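1. need a 3D model of the following:
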Amino acid sequence: MAADPRHAAWDDALAPMQAGPLHWLRAGRLDVALAPEAGGRIAQIRYDGVDWLIGPDDGWPATIAWGCYPMVPWAGRVRAGRFDLDDRAHALPVNFGGHAIHGVGFSRPWRIDMRETDSATLSLALPRDAYWPFGGTATQSVRVLGDCLHLELAVQAGQQAMPVVLGWHPWFRKPDRLRFAPTAMYPRDGEGIATLPRVAPIPGPWDDCFVADDGIALERGRQRLHLRADTDHWVVYDAASHATCVEPQTGPPDAFSLAPRVLQPGQQHWLSFELAWHARDE
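-> Below you'll find the predicted structure:
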C-alpha cells in the first residue's frame, strides 16, 4: 500500500475508491453519473428509473469493483507486470494478485474538458514514471442519446513508442439473462491468465476472454441492454453472485506478450462502445 492514501489505489486495485463529485448527464429516459476523480469512470447508469451498475455505495468499494471504468493503456492482466518491447524488458508495478491489472487510468483522476447536459469529454496525461514509462495521452467521450449511451476511448502516444490495449470494464448488476454466443476463447493457465492457442468456448461461469462477432445482450426485468463495440474481443466475468462484467477490449489480457500492438510516436488507437436499451417486448 502507498504511504499517501490518495495513491493507495495505484498500488492495490482492491483499495477503496471514493466516487468524489458526480456529474450527471441526461437525455430522454437515460441518466449517467460521471465520477472523474474516481478513474474517469461512470458511477451509475440509470435507464427509465432502473440502475444498471454496481455503484460506489452498494457495498463493493474496491477500486476494481464498481462502476464502468476505462482500461488504458492496457486491459486485463499483464503477467507479473513484465513484458518486452524492442528487445528491452519492462516491469510494471503489480497491483492485483502478483500481476499488473487494467492500466493506470482507472485509479487516477481525469480532467473534464467539456461538459454539456448530455455529453462530456475527459482527458488524462499518462505518467512517464515507474507506473508507466512511456507517457502518452488518453481521452474519452461520453454521449447520452436517450435510449443509447455511446462511449469512445482513445490513446495517443507521446514522444516514444508504446504498447497499447484499450477496454471498458462495466460492473452490471446481476442480469436475469446474458445472451452471448462467442466463437472462440483464450484458455486460462494456472495463474488465471489468458494463453494461446484459442479454443472452442466452454460453459460458464466465466472469467475469460472470448472472440465474438455478434452483439451481446443483458436482460433485467422488462429491459434488454444490447452491447456493441468496434472490436471482437470481449472479457466476460459472471462468477459473482451480485454482478456480471462484459468488457470490450482491443486485445486479450496479457496482450503486450500474446498479441502486441505498438503505437509509434504521435499515433492513436481507439475503441467505441455502444449500450442501447429496449423494452423486452419490443
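2. any idea whether residue 106 is helix, strand or coil?
-> Under DSSP: H, G, I helix; E, B strand; the rest coil, the three-state class of residue 106 is helix.
3. try residue 170
-> From three-state DSSP, the assignment for residue 170 is strand.
4. quick check, residue 39 in a helix?
-> No. Under the criterion used here (three-state DSSP), residue 39 is coil, not part of a helix.
5. okay but it is in contact with residue 107, surely?
-> Yes. Assessed by CB atoms under 8 Å, residue 39 is found in contact with residue 107 at 5.4 Å. C-beta here means a position set from N, CA and C on the backbone, and glycine is covered the same way.
6. between those two, what contacts are shared?
-> 9, 17, 63 (CB atoms under 8 Å, 6 or more residues apart in numbering).
7. in CSV: the residues you listed, plus neighbour count.
-> Conversion of those to CSV gives the following (neighbours: other CB atoms under 10 Å):
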residue, neighbour count
9, 24
17, 25
63, 25
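8. so which of those belong to helices?
-> Among these, the members found in helices (DSSP state H) are residue 9.
9. from the shared contacts of residue 39 and residue 107, which is closest to residue 77?
-> The closest of those to residue 77 turns out to be residue 63 (CB to CB; 15.2 Å).
10. looking at it, that closest one is touching residue 17, isn't it?
-> Yes. If you go by CB under 8 Å, residue 63 and residue 17 touch, sitting 3.9 Å apart.
11. now do the shared contacts for those two.
-> Shared contacts of residue 63 and residue 17, defined by CB under 8 Å, 6+ apart, comprise 9, 38-39, 107.
12. need the buried ones from these selected in ChimeraX.
-> In ChimeraX, this line selects whichever of these come out buried by 16 or more other CB atoms under 10 Å:
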select :9,38,39,107
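13. and the shared contacts of residue 63 and residue 17 as TSV, adding pLDDT?
-> Converted to TSV, the shared contacts of residue 63 and residue 17 look like this (pLDDT from 0 to 100):
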residue	pLDDT
9	95
38	98
39	98
107	98
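14. and the helix or strand that residue 138 is a member of, which strands flank it?
-> Assigned by DSSP states H and E, residue 138 falls within strand 137-144. Next to strand 137-144 in the sheet, as set by DSSP bridges, lie strand 119-125 (antiparallel), strand 148-156 (antiparallel).
15. for the record, mean pLDDT for it?
-> For strand 137-144, mean pLDDT is 98.
16. buried ones in that strand?
-> Those would be 138-144, for strand 137-144 by 16+ other CB under 10 Å.
17. try stretch 164-184
-> Neighbour counts over stretch 164-184 (16+ other CB under 10 Å) mark 164-173, 175, 178, 180, 182 as buried.
18. rewinding a little: and the strands paired with strand 137-144, which is most packed in?
-> Of the strands paired with strand 137-144, the one with the most neighbours on average (mean count of other CB atoms under 10 Å) is strand 148-156, at a mean of 20.
19. what's the next helix-or-strand element following that one packed up against?
-> Scanning forward in sequence from strand 148-156 by DSSP H and E, the next helix or strand is strand 162-163. Contacts defined by 3 or more CB pairs under 8 Å, 6 or more residues apart in numbering; DSSP states H and E place strand 162-163 against strand 82-85, strand 262-263.
20. can you list the weak-confidence ranges in the stretch 1-150 of the chain?
-> Within the stretch 1-150 of the chain, the stretches with pLDDT under 70 are 1-6.
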